[in-house]
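Chemist: Sequence first, then the predicted structure, then my questions.
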Amino acid sequence: MATLDYDPSEGKILLVGDHATLEYDGCGPDLQFSRQGEDGEPLLAFWISQDEAVVLGKMMRYCLDKLPNISPHSREVLEALDERIKPLAQGEGAGG
């Protein structure tokens, strides 16, 4: 698994892969990140701490369990997000 670390105070990116490391210095603090999704749509980065992930996960599960009037599309999106936030709330998945 590769990881990408960004230090905005130094404007430095460090890409660490299985067999090599790439360092780029000179990005600046306003660097924006995105990733191409399966359908080609841009997926935007969302920085979240483990504590924030725990709270957000609890709120999503509350909405899914207690609010019956959620539209089918919104329920589907929240369920998918809930699966993605679980590893973050447990301190896993920092690289992706």
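Modeler: In hand now; what should we look at?

Chemist: ok, what's across the strand from Asp7?
Modeler: Beta-bridge pairing for Asp7 (DSSP bridges): Lys12.

Chemist: okay, now it: neighbour count?
Modeler: 12 (other C-beta atoms under 10 Å). Placement of C-beta: from N, CA and C, glycine included.

Chemist: Need the pLDDT of the most centrally placed residue in the chain.
Modeler: Closest to where the C-alpha atoms of the chain average out (C-alpha atoms, centre = their mean) is Phe46, at 5.1 Å. We have a pLDDT of 85 for Phe46.

Chemist: quick one: it from Glu52, how far?
Modeler: Per C-beta to C-beta, to the nearest Å, Phe46 is found 10 Å from Glu52.

Chemist: can you list contacts of stretch 53-69?
Modeler: Stretch 53-69 has contacts (C-beta atoms under 8 Å, 6 or more residues apart in numbering) with Ile48, Ile70, Arg75, Leu78, Glu79, Leu81, Asp82, Ile85, Lys86, Leu88, Ala89.

Chemist: Can you select the buried ones from those residues in ChimeraX?
Modeler: Here is the ChimeraX command that selects the buried residues among the contacts of stretch 53-69 (16 or more other C-beta atoms under 10 Å):
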select :78,82,85,86,88,89
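
Chemist: Go through the contacts of stretch 53-69 and name the one nearest Pro42.
Modeler: Leu81 (17.1 Å; C-beta to C-beta).

Chemist: Look at Ala53 and tell me its secondary structure.
Modeler: helix (DSSP: H, G, I helix; E, B strand; the rest coil).

Chemist: For Ile48, grab phi and psi.
Modeler: Dihedral pair for Ile48: phi -150, psi 140, per degrees, to the nearest 10.

Chemist: I figured it hits Ala89, correct?
Modeler: No - contact criterion C-beta atoms under 8 Å: Ile48 and Ala89 do not qualify, at 9.4 Å.

Chemist: re the thing from before, out of the contacts of stretch 53-69, which sit inside strands?
Modeler: Members of the contacts of stretch 53-69 lying in strands (criterion: DSSP state E): none.
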